[in-house]
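S.K.: Please find the sequence and the predicted model below.
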Amino acid sequence: MPLVPPPRPAAQPAADIPPTRVLNANQPEWSVGELAGALKRTLEDAFGHVRLRGEISGYRGQHGSGHAYFSLKDGQARIDAVVWKGVFGRLRQRPQEGLEVVATGRITTFPGKSSYQIVIENLEPAGLGAWMALLEERKKLLAAEGLFAPEHKRPIPYLPQVVGVVTSPTGAVIRDILHRLEDRFPRPVLVWPVRVQGDGAAEEVAAAIRGFNALPAGGAIPRPDVLIVARGGGSIEDLWAFNEECVVRAAFESAIPLISAVGHETDTTLIDYVSDRRAPTPTGAAEMAVPVRADLIATVADLSARGRGAVGRRIDRDRSDLRALGRALPSADALLAAKRQRLDLAEARLAPALAAGASRHRARLQLLLDRMARRSPDVVLANARARLARIDHRPLNALRNDVQRKGEALIQLGRRLVVAREAGLERARALQARHTDRLHALSERLAQAGARSIERRRDRLDGLAGLLGSLSYRAVLDRGYVLVRDAAGLPMRRAADAAAATRLSLQFADGTVTAVPDGADPSGTSDPSPSAKPARRGGAASPATPGRRTGTRPAPTRQGSLFDA
C-alpha cells in the first residue's frame, strides 16, 4: 500500500516568501504515530500470511498475561515473535528453547519499539529429524518423572466383564478387535469414538481414557475392567497424537489396566511405554484382553475332576486315621484310675490339716487376748485425758487472736472493695452501653445475612433435591434393573457373595421379592452336589422374572455389532 501523506493547509503565495521557503512548505509532514500506522498497514497487507522457518531463541515460558514472547533466528538474521494467550492453548507444538520450527502467522510492527515481529498462529517441528529429537527429549523428561517405571505396571484381568476400546469407530481397527473377541471369548465392548490423528486427536484420546475411569462402578453404564487404545499404522506425524504429554499422563493416571495397540509391530509411541501392556497389533490387544473360551472350559473341567478326586481321597484317608486313633484310645476306667487315687489321698490328708489349722488360729487368738490384758483401753484413755488437760485453753486463745487479726484485715479489704466496686460498675455501664449499640448493629446485620443465607441455601437445597431425584438408584430401577440384597438388607455387588447367600431380596421399581440363588437349599443349607450352579454375578441385574430358578443354564447373549445394518 503506498504511503499517502495527510492533507496539509494551503501554502502561502510564493511572492510573499523566499524561494527556499516555498520548497520546504511543499514537502509533506508526518507525525510519528501517522508514519508508524502507515508502515504497520503496509507491512500487514504485504505479509498477511507467511510460513517462517527458524530456531526458537529466548523463550522463557508464558508471560504473566498469558502471552509468550521469543525470537526466531537462523545463521543470518532474527525476528521477534509473539503468541497471544488465546492461540497458545491451541498450539499443537508448544515452544521450546533451541527447537527448529515452521511458524505460520502474519508480519506486523510494534510502534512502541519501532520494530517488526511475527504474530504466530501455528507451530510445527521442522522436518522428521526434529520430530524424532522432540520425541526423544519428551521421552527422557517423562521417564525422569517415573511414568515408565515397571513398578507402576498392573496385571491385565484374566477374564474382564467389560472391555473398553478407545479408537476411531469407522476404521478397520475396531472391526478386527470385535471379530477377535467374538472368536476367543465374547465380552461386552464399550467403544469411545475419537479421532486418531490431526488437530485435537490427543485431547480426545486423553478425555476418553479419563472418561472411562470416571464411570462409577455399578452405574447405568458398566465400567470397563480393561482398556484398549488402538490405531492402525502410519508415519510418525500420523501417530504423533499418541506421543503427546496429555495422552501419556492420562494413561499413567488410569485406574483401569490399559493395553496400547498403536501402529504396527515396528511402530513405537510414548503411550506404549506408560501402558500396562503393549500389543504389536490391535488384534494382539484383543488376544491379550480375553482368554480362549474353549481352553478355559477344558481347564475348568479338568480342575473340577481333579478336585473331586482329591477330596474323595482325603476323606478316605481321614476316615482310616480316625479309626486307628479310636482303637488306640484307652478305656474310661484306665483314664479315671489315677484321678480316683489322688482324690482318696487328698481326703485322707484333709482332716489332720483342718485340725492343725484350727490349733494355729486358736494360739494366735490367745496371744492377742494376752496383749490386750497387759495394755487395757481404760489406761490408754486416761493417758489421753491427762495430755488434754495439760494443753488447757491455749488453742482457744490462739484461735481468738487469729480471728481478731483476720477481722481487721477483712474490714480493710471491704473498704477497698467498695471503692473498686463503684469504679468497676462505672466501667461496666460504659462497656455495656457500647456492647448494646454494637449488639443492635450486629443483630440487624445478622438478620439480613441470615435472610440471604437462608435464600441461598433454599435455592441450593432445591437444586440438590432435583439432582438427588435424577441420581437416585430408584430411577435406575424404573428402567428395568434390580437391586440385590442379602438377608441382612445389605446390597450385594459380587457373584461370590450371592452364591454364598441362602436367600436374596430382589428390589424392583414396584416392590420387593424374595429369591433363592441357583444351587442353594431353601432351608438354609448348601447343596454339596457337583451339579450345583453358581449364582449370577453382580449386585444389580437386568430385568428378569423375580425369584425364578431354572435347572438349565441360560444361553449367553451375543453383543450386537457396530457394523450391522
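M.R.: On my side now, so go ahead. Numbering: from 1, shown residues only.

S.K.: From here on, just use CA atoms for contacts and neighbour counts.
M.R.: Noted.

S.K.: Now do the strands in the chain.
M.R.: Counting by DSSP state E, the chain has strands at residues 50-57, 68-73, 78-83, 100-110, 115-125, 163-167, 189-193, 226-231, 258-262, 277-278, 482-485, 504-508, 511-515, 540-541.

S.K.: In a markdown table: those strands, plus mean neighbour count and mean pLDDT.
M.R.: Formatted as a markdown table, the strands of the chain follow (neighbours: other CA atoms under 10 Å; pLDDT from 0 to 100):
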| stretch | mean neighbour count | mean pLDDT |
| --- | --- | --- |
| strand 50-57 | 18 | 87 |
| strand 68-73 | 20 | 90 |
| strand 78-83 | 19 | 92 |
| strand 100-110 | 20 | 89 |
| strand 115-125 | 19 | 89 |
| strand 163-167 | 25 | 96 |
| strand 189-193 | 18 | 95 |
| strand 226-231 | 26 | 95 |
| strand 258-262 | 29 | 94 |
| strand 277-278 | 22 | 94 |
| strand 482-485 | 23 | 90 |
| strand 504-508 | 21 | 90 |
| strand 511-515 | 13 | 89 |
| strand 540-541 | 18 | 42 |
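
S.K.: quick one, which of these is nearest to residue 434?
M.R.: Residue 434 lies closest, by CA to CA, to one member of the strands of the chain: strand 68-73, at 57.4 Å.

S.K.: quick one on the thing from earlier: of the strands of the chain, which approaches residue 150 most closely?
M.R.: strand 277-278 (10.8 Å).

S.K.: Show me what that closest one is in contact with.
M.R.: Here strand 277-278 makes contact (CA atoms under 8 Å, 6 or more residues apart in numbering) with 153, 156, 258, 259, 260, 261, 272, 285.

S.K.: Tell me the one among the residues you listed nearest to residue 82.
M.R.: Closest to residue 82, out of all of the contacts of strand 277-278 and judged by CA to CA, is residue 272, at 34.9 Å.

S.K.: re the thing from before, so which of the strands of the chain comes closest to residue 246?
M.R.: Using CA to CA, the strands of the chain put strand 226-231 closest to residue 246, at 14.2 Å.

S.K.: helices or strands next to the closest one in the packing?
M.R.: Contacts defined by 3 or more CA pairs under 8 Å, 6 or more residues apart in numbering; DSSP states H and E place strand 226-231 against strand 163-167, strand 258-262, helix 282-289.

S.K.: Export those as JSON lines, with columns for distance to residue 422.
M.R.: Formatted as JSON lines, these follow (distance: least, CA to CA, whole Å):
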{"stretch": "strand 163-167", "distance to residue 422": "84"}
{"stretch": "strand 258-262", "distance to residue 422": "82"}
{"stretch": "helix 282-289", "distance to residue 422": "90"}
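
S.K.: Point out where the chain drops to low pLDDT.
M.R.: Residues of the chain meeting the criterion pLDDT under 70: 1-26, 127-130, 519-565.

S.K.: By residue count, what's the longest helix in it?
M.R.: For the chain, the longest helix by residue count, based on DSSP state H, is helix 394-471.

S.K.: if we can go back for a sec, can I get the strands of the chain in TSV with distance to residue 215?
M.R.: Shown next, in TSV, are the strands of the chain (distance: least, CA to CA, whole Å):
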stretch	distance to residue 215
strand 50-57	42
strand 68-73	37
strand 78-83	37
strand 100-110	40
strand 115-125	35
strand 163-167	11
strand 189-193	12
strand 226-231	13
strand 258-262	15
strand 277-278	22
strand 482-485	19
strand 504-508	23
strand 511-515	28
strand 540-541	16
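
S.K.: Correct me if wrong: residue 234 contacts residue 263.
M.R.: Yes: here residue 234 reaches residue 263: they are 6.4 Å apart, a contact under CA atoms under 8 Å.

S.K.: higher neighbour count, those two?
M.R.: Neighbour count, other CA atoms under 10 Å: between residue 234 and residue 263, residue 263 has more, with 22 against 14.

S.K.: hmm, who's touching stretch 355-369?
M.R.: For stretch 355-369, there are no external contacting residues (CA under 8 Å, 6+ apart).

S.K.: where's that stretch relative to the chain centroid, distance-wise?
M.R.: Chain-centre distance of stretch 355-369: 80 Å, with CA atoms, centre = their mean, to the nearest Å.

S.K.: that older thread, mind checking the helices and strands packed on strand 226-231 for the one nearest to residue 59?
M.R.: Shortest distance between residue 59 and the helices and strands packed on strand 226-231, using CA to CA, is found for strand 258-262: 33.1 Å.
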